[in-house]
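A.B. asks: Have a look; sequence and predicted model below, questions after that.
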Amino acid sequence: MFYVIAIIALLLIIALILYNTLIRKKNDVENAFASIDVMLRKRYDLIPAIVEAVKGYMKHERVLLTEITSLRIQALSDHLNDDDRVIIENKIRKGLADLFVAVEDYPDLKASRNFLQLQASLNEVEEQLAASRRAFNAAVTTYNNSVEAFPSNIIASMMNYSRRTLFEIPESERENVSAKELIDRQ
């Protein structure tokens, strides 16, 4: 009888440890995503200043400026789930990259002190965002390992925990950069 009680107590302790570990890892993932959210907010706050700085110079890129502004408004919406936020964030990243490519055609704008400061601020935010994404992916990988590995997968399935998606680079950005195209643009 004593052995049965000891085995049951041991199983309960193991289940409790696994449960607490899963909770901690889930919270780590949420915390890491919140860090990405903070960096995205910084980026979103810079967008109006960048758009305003280039507006006077870039008459032909109005569509691009309008698109970036529209995406920013969508990104700030409270009704987005994490997947939609990632999709919009990727579109903003591409739009800003296209904007900075277009800036190459405007030497006065490239030399503008205000624009250079805004560009430097955005570059700093992008670096912090990349670091936050790496931390998020590390937390998600640890969490996913716990959700899938035995015996914690049993507790995870009882808690309705499932794999989380890693923050990945869109396929379009994985393509090799053509040095010839970059040189021809100059």
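C.D. replies: It's in.
A.B. asks: separation between residue 8 and residue 151?
C.D. replies: Residue 8 sits 16 Å away from residue 151, going by C-beta to C-beta, to the nearest Å. In short, each C-beta sits where N, CA and C put it, glycine included.
A.B. asks: Correction: the previous question concerned residue 28.
C.D. replies: Taking C-beta to C-beta, one finds residue 28 at 20 Å from residue 151.
A.B. asks: try residue 165
C.D. replies: Per C-beta to C-beta, residue 165 is found 24 Å from residue 151.
A.B. asks: Also residue 22?
C.D. replies: 11 Å.
A.B. asks: for residue 47, same thing?
C.D. replies: Where residue 151 is concerned, residue 47 sits at a distance of 47 Å (C-beta to C-beta).
A.B. asks: With neighbour numbers in mind, choose between the two.
C.D. replies: residue 47 (22 against 11; other C-beta atoms under 10 Å).
A.B. asks: what separates the closest residue to that one other than its chain neighbours from residue 45, distance-wise?
C.D. replies: Leaving aside its chain neighbours, residue 47 sits nearest to residue 72 (4.8 Å; criterion: C-beta to C-beta, 6 or more residues apart in numbering). Counting by C-beta to C-beta, the gap from residue 72 to residue 45 is 9 Å.
A.B. asks: same question, residue 90
C.D. replies: 19 Å.
A.B. asks: neighbour count winner among these two?
C.D. replies: A count of neighbours by other C-beta under 10 Å puts residue 90 above the other of residue 90 and residue 45, at 17 against 13.
A.B. asks: Next secondary structure after the lengthiest helix in the chain?
C.D. replies: Longest helix of the chain, by residue count under DSSP state H: helix 2-55. Once helix 2-55 ends, the next helix or strand along the chain (criterion: DSSP states H and E) is helix 62-75.
A.B. asks: I'd like the next helix or strand past that following helix.
C.D. replies: Counting by DSSP H and E, what follows helix 62-75 is helix 82-103.
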